[in-house]
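Engineer: coords below, sequence missing:
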């Protein structure tokens, strides 16, 4: 009887372990072969308000009106799209006439692990930074931060919500 009880307990434990390890459909796995910037400022603790840059509200509104403040990315991608390049070109022009520093925030949708999305968010923020630098913006004027999936702009588990949460946002600092 004791052996049967032990067998049942072990079978349940194995079943629970297997169920917990299954990934959701379309959820990217954390692939260590993907390129990650070794200087990435990925935070290991939960993101808090202290980590968020202070926004220069007036200048931010000007940036939004004249150039837009965000670009969107494809699923599991940090490649800047042609539409994104057009927006970033306008941002670079705006930055050329304004003496402001910016922080580029990298964001992801809810799918994938927290760690994976922090790394992907950092790659997205770095891609935006690299493009702005290629347009003549001084590197020291641009910082990056990854929020991963911590701050979704649109709630919901649909393609429409996910596509709006996969973004790089340029924030004008005080």
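Structural biologist: Good, I have the coordinates. Fair warning: this is a prediction, and the values are worked out from it, not measured in the lab.

Engineer: so after the lowest-mean-pLDDT helix or strand in the chain, what's the next helix or strand?
Structural biologist: Ranked by mean pLDDT, DSSP states H and E, the helix or strand of the chain with the weakest confidence is helix 2-21, at a mean of 46. As assigned by DSSP states H and E, the chain's next helix or strand after helix 2-21 is helix 57-66.

Engineer: What is the three-state secondary structure of residue 103?
Structural biologist: Here residue 103 is recorded as strand under DSSP: H, G, I helix; E, B strand; the rest coil.

Engineer: Tell me the bridge partners for it.
Structural biologist: residue 143, residue 171 (DSSP bridges).

Engineer: Touching, residue 75 and residue 165? I think so.
Structural biologist: No. Using C-beta atoms under 8 Å, residue 75 is not in contact with residue 165, being 11.0 Å away. Quick note: C-beta positions are derived from backbone N, CA and C, even for glycine.

Engineer: any shared contact partners between the two?
Structural biologist: Common neighbours of residue 75 and residue 165, using C-beta atoms under 8 Å, 6 or more residues apart in numbering, are residue 109.

Engineer: ok, the two, which is more surrounded?
Structural biologist: residue 165 (21 against 14; other C-beta atoms under 10 Å).

Engineer: ok, now which ones touch the more buried one?
Structural biologist: Residues counted as contacts of residue 165 (C-beta under 8 Å, 6+ apart) are 107-110, 149, 152-154.

Engineer: One more: residue 75?
Structural biologist: Contact partners of residue 75, counting by C-beta under 8 Å, 6+ apart, are 109, 162, 166.

Engineer: which of the residues you listed lies closest to residue 98?
Structural biologist: residue 166 (27.2 Å; C-beta to C-beta).
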